[in-house]
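Enquirer: model the following, please.
(one chain, ligands or ions: 2)
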Amino acid sequence: MAGIVVVFDFDKTIIELDSDNWVVDELGATDLFNQLLPTMPWNSLMDMMMKELHAQGKTIEDIKEVLRKAPIHPRIVAAIRKAHALGCDLRIVSDANMFFIETILDHLCIRNCFSEINSNPSYVDEHGRLRISPYVDFHSSPHGCSLCPPNMCKGMIIERIQASLANEGKQRMIYLGDGSGDFCPSLKLHEKDFVMPRKNFPVWDLICENRGLVKAEIHEWTDGEELEHVMLGLIDKISIEESDNSNTVQFLSIDCKFETIPIAVHEALPPVLRVHR
Ligand SMILES: Cc1ncc(C[n+]2csc(CCOP(=O)(O)O)c2C)c(N)n1
Ligand SMILES: [Mg+2]
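Expert: Ligands and ions are numbered 1, 2, ... in the order given. Predicted coordinates:
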């Protein structure tokens, strides 16, 4: 589906928990983290925690090992692979950090499924310490959005993606998220887009309380199995609508499930593929 962009939040959407807390807890630094939390911004605190762990002798490999153990529902990995194989453009917008996300995606062998990852920058310095900084430098150039944390306005990122898609002929977006930071981007979606808030999580509460403000169609999900079912259903629905809207493209019926479409055939397909399930 060359015309469909699927944007994923990462923590508590792709993986089952918050990666920052997972690393801090697993490496035994929870008490210090909780003690310092009221005193500094989140990214500065994470950077400081990485300094502390480095001073205690914890290596980058120790951090990677913890990240590789992060719980994830197997159907989420399957869903990502299927959406990618169907030709959707998959992206991540996350308030975690690049190192944590890339380590986990590499481990799951799904990094190649994503065309873009937007998150807080991170790098390993010359001493082998992980450095983490905010996506937005809120001292020199604050984003000015009151809905979002100072270091990242996901709504601004979505608007930037929307502007670039207009040039690429991609029209439809599906946005999946769980947290309060996913509310602002949900408000930026257009009428023909879809938002998939995780049920009983903060973004779901916010969307339920402000339904009138959300233009996109709302489809909730609870776990990986439901995420897979709902997301692939929406991709199917969009592809049918887009093929019905187009009088120039041929369409093809494939009497099989998504996972059995041979890649060689799929690549040779016309731009719009109708899948019967
Ligand atoms: C005021 C304030 N409190 C807490 C945080 C940190 N924070 C909140 S949710 C989350 C996980 C995001 O990952 P994802 O976007 O992938 O769900 C993080 C790191 C913040 N930035 N500002
Ligand atoms: Mg999240």
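Enquirer: ignoring the adjacent residues along the chain, who's closest to G128?
Expert: Nearest residue to G128, sequence neighbours excluded (CB to CB, 6 or more residues apart in numbering): I60, at 5.8 Å. In short, each C-beta sits where N, CA and C put it, glycine included.
Enquirer: ok, now P202?
Expert: Spatially, and ignoring its direct neighbours in sequence, P202 is nearest to S180 (4.3 Å; CB to CB, 6+ apart).
Enquirer: now swap in I92 and tell me
Expert: In this structure, I92 finds its nearest non-sequential neighbour in I117, 4.5 Å apart by CB to CB, 6+ apart.
Enquirer: so which strand or helix has the one you found?
Expert: Assigned by DSSP states H and E, I117 belongs to strand 114-120.
Enquirer: parallel or antiparallel, list what pairs with that strand.
Expert: strand 89-97 (parallel) (DSSP bridges).
Enquirer: avg pLDDT for the strand it pairs with?
Expert: Across strand 89-97, pLDDT averages out at 98.
Enquirer: flag every buried residue along that strand.
Expert: 89-97 (16 or more other CB atoms under 10 Å).
Enquirer: is it anywhere near ligand 1?
Expert: Yes. Against ligand 1, strand 89-97 shows contacts by CB under 6 Å from any ligand atom at 94-96.
Enquirer: what is the nearest of these to I174?
Expert: Set against I174, the nearest of the residues of strand 89-97 next to ligand 1 by CB to CB is S94 (16.0 Å).
Enquirer: and the closest one, what is it in contact with?
Expert: Each residue near S94 by CB atoms under 8 Å, 6 or more residues apart in numbering is listed here: 8-11, 101, 117-119.
Enquirer: cool, and L176?
Expert: Counting by CB under 8 Å, 6+ apart, L176 makes contact with 6-9, 13, 195-196, 198, 221, 227, 231.
Enquirer: name every strand pairing with the helix or strand hosting it and say which way it goes.
Expert: Using DSSP H and E, the element containing L176 is strand 172-177. The pairing partners recorded for strand 172-177 under DSSP bridges are strand 4-8 (parallel), strand 194-197 (parallel).
Enquirer: quick check: which of those strands is nearest to L108?
Expert: strand 4-8 (12.8 Å).
Enquirer: dump whichever helix or strand comes after the closest one to CSV, restricted to CA.
Expert: Following strand 4-8 in sequence order, the next helix or strand is helix 19-26 (DSSP H and E). The C-alpha coordinates for helix 19-26 follow below in CSV (Å, rounded to 0.1, in the frame of the first residue of the first chain):
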residue,chain,number,x,y,z
SER,A,19,12.0,1.7,27.9
ASP,A,20,13.6,4.4,30.2
ASN,A,21,12.1,2.9,33.3
TRP,A,22,12.9,-0.7,32.2
VAL,A,23,16.6,0.1,31.8
VAL,A,24,16.8,2.1,35.1
ASP,A,25,14.9,-0.6,37.0
GLU,A,26,16.7,-3.6,35.5
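Enquirer: and helix 19-26 with ligand 1, contact?
Expert: Yes. Counting by CB under 6 Å from any ligand atom, contacts between helix 19-26 and ligand 1 involve D20.
Enquirer: same for whichever helix or strand comes after that helix, what does it pack against?
Expert: Sequence-wise, the next helix or strand downstream of helix 19-26 (DSSP H and E) is helix 30-36. Packing partners of helix 30-36 (3 or more CB pairs under 8 Å, 6 or more residues apart in numbering; DSSP states H and E): helix 42-55.
Enquirer: near ligand 1 at all, the helix it packs on?
Expert: Yes. Contact between helix 42-55 and ligand 1 is present through W42 (criterion: CB under 6 Å from any ligand atom).
Enquirer: with just CA atoms, put the helix or strand just after that helix into CSV.
Expert: Next along the chain after helix 42-55, taking DSSP H and E as the criterion, comes helix 60-68. Only the C-alpha atoms of helix 60-68 are listed here, as CSV (Å, rounded to 0.1, in the frame of the first residue of the first chain):
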residue,chain,number,x,y,z
ILE,A,60,26.8,-0.3,26.8
GLU,A,61,26.6,-4.1,26.3
ASP,A,62,24.9,-4.4,29.8
ILE,A,63,22.3,-1.8,28.6
LYS,A,64,21.8,-3.5,25.3
GLU,A,65,21.3,-6.8,27.1
VAL,A,66,18.5,-5.3,29.3
LEU,A,67,16.9,-3.7,26.2
ARG,A,68,16.9,-7.1,24.3
